[in-house]
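Undergrad: Sharing a model that was predicted from the sequence below.
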Amino acid sequence: MSAAPALALPRPGRCVVMGVLNVTPDSFSDGGCFADAGTAIAHGLAMHAAGADYVDVGGESTRPGADRVDAAEECRRVLPVIRELVAAGARVSVDTTRAEVAEAALHAGAGLVNDVSGGLADQRMARLVADAGVPWVLMHWRGHSREMYAAARYGDVVTEVCAELTARVEDVVAAGVAPEQLVLDPGLGFAKRGEHNWRLLAGLDRIVGLGLPVLVGASRKSFLGRLLADAEGTVRPAEQRDAATLATTVLAAEAGAWGVRVHDAAASADAVRTVAAVQAARREG
Ligand SMILES: Nc1nc2ncc(COP(=O)(O)O)nc2c(=O)[nH]1
């Protein structure tokens, strides 16, 4: 693949909003809502219109225990959606762990690779990203959905996640990826149990302190649902976790995160602008 022009990471002077668009039948919070291209495209356009800086298109569920789909099925799901969203002027990222899918998505106009495996699932991803010169989200990961909970053991989760992300950065830079292409992500809900997610949110300043842009993906995740369980212990349904998600957006923006990955893009778009206004007022004293 010829090296595409290096696509700089947008830095609009506020936290970036990445709208979630899972074109899958089985994602944990919106599985099946946007499984067909037409519905997915309409939702992606709505998030773009509502202020999402990226629409993050994924074709394979990453929820714990999810069955894997092959690259051909992933491409079948995401490519038509990416093409239409790009044609409509939206900035699109592809949520995939496969270099083959990422390459096809970049050719279709995606401008960022969002890789929940941080390059561990496909050894070809680093070379692809290095050649393409595009931004790459390296998320903290300890294995595919079926084995991730067995790996959720930490002495000090923030220290260990920081160390493992740093190791990934060193590996991919050694493989030719430029540091300025990289975005780090603590991988909330991936090989993390409840308390691990809260500690990572509480320690975001340390992850931001690694010196690279940080993306935070707390939106509608189970640890929020368990926090918001009712008196009978019934976990709050995923679609009723957006207010809690908005709180994580504000925390991430205040901690200096580069971006948040959320389902309710409109609400977080308003929240990040509000945080930026307060931060500007603080600077002006
Ligand atoms: N970078 C990044 N990508 C992700 N992709 C999928 C999910 C799973 O959530 P979903 O099923 O709601 O998409 N979470 C993340 C995340 O936390 N960070």
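TA: Structure received. Predicted model, so just to flag it, every value in this text is computed and none were measured.

Undergrad: Identify all contacting residues around the longest helix anywhere in the chain.
TA: In the chain, assigned by DSSP state H, the helix with the most residues is helix 265-284. With contact meaning Cβ atoms under 8 Å, 6 or more residues apart in numbering, helix 265-284 is reached by 13-20, 47, 50-52, 242, 245-246, 249-250, 253-254, 260, 262. All C-beta spots, glycine's among them, are computed from the backbone N, C-alpha and C.

Undergrad: so which of those are also by the ligand?
TA: Val20 (Cβ under 6 Å from any ligand atom).

Undergrad: Tally up the residues packed near Arg127, please.
TA: 16 (other Cβ atoms under 10 Å).

Undergrad: For it, which non-adjacent residue is closest in space?
TA: Ala175 (6.4 Å; Cβ to Cβ, 6 or more residues apart in numbering).

Undergrad: So what's the residue count around the one you found?
TA: What Ala175 shows, counting by other Cβ under 10 Å, is a neighbour count of 14.

Undergrad: can you check Thr274 too?
TA: Neighbours of Thr274 using other Cβ under 10 Å come to 14.

Undergrad: so what pLDDT did it get?
TA: In this model, Thr274 is scored at 98, pLDDT.

Undergrad: Show me just the buried residues among the contacts of helix 265-284.
TA: The neighbour-count test (16 or more other Cβ atoms under 10 Å) marks 14-20, 47, 50-52, 242, 245-246, 249-250, 253, 260, 262 as buried among those.

Undergrad: Isn't the residue nearest to Arg127 up against Ala126?
TA: Yes. Using Cβ atoms under 8 Å, Ala175 makes contact with Ala126 at a distance of 3.9 Å.

Undergrad: Can you check what pLDDT the model gives Pro25?
TA: pLDDT, read off for Pro25, is 78.

Undergrad: Distance check, it against Arg77.
TA: Distance of Pro25 to Arg77, computed by Cβ to Cβ, to the nearest Å: 9 Å.

Undergrad: what residues are up against the residue of the stretch 151-285 of the chain at minimum distance from the ligand?
TA: Residue nearest to the ligand within the stretch 151-285 of the chain: Gly217 (2.2 Å; Cβ to the nearest ligand atom). Neighbouring residues of Gly217 by Cβ under 8 Å, 6+ apart: Met139, Asp185, Gly187, Leu188, Gly189, Val260, Arg261.

Undergrad: In strands, which of those appear?
TA: Using DSSP state E, the subset of those located in strands is Met139, Asp185, Val260, Arg261.

Undergrad: Name the helix or strand for Arg199, please.
TA: Following DSSP states H and E, one finds Arg199 within helix 194-202.

Undergrad: re earlier: quick one, which of Pro25 and Arg77 is more surrounded?
TA: Arg77 (25 against 14).

Undergrad: these two touch, right, the more buried one and Thr24?
TA: Yes. The criterion here is Cβ under 8 Å, and Arg77 meets it with Thr24 at 6.9 Å.

Undergrad: Identify the spatial nearest neighbour of Met47, chain neighbours not counted.
TA: Nearest to Met47 is Gly19, by Cβ to Cβ, 6+ apart, at 3.5 Å.

Undergrad: quick one, phi/psi of the one you found?
TA: phi -80, psi 130 (degrees, to the nearest 10).

Undergrad: I'd like to know how far it sits from Ala257.
TA: Distance from Gly19 to Ala257, by Cβ to Cβ: 16 Å.

Undergrad: Leu165 too?
TA: Distance, Leu165 to Ala257, by Cβ to Cβ: 14 Å.

Undergrad: In contact with Asp264, which residues?
TA: Counting by Cβ under 8 Å, 6+ apart, Asp264 has contacts Ser219, Asp242, Thr245, Leu246.

Undergrad: Recalculate using a threshold of 7 Å.
TA: Asp242, Thr245 (Cβ atoms under 7 Å, 6 or more residues apart in numbering).

Undergrad: pLDDT wise, what is it at?
TA: pLDDT recorded at Asp264 is 98.

Undergrad: With Phe34 instead?
TA: Reading off the model, Phe34 has pLDDT 67.

Undergrad: that older thread, the residue nearest to Arg127 reaches Leu128, doesn't it?
TA: No. Under the criterion of Cβ atoms under 7 Å, Ala175 makes no contact with Leu128, lying 10.3 Å away.
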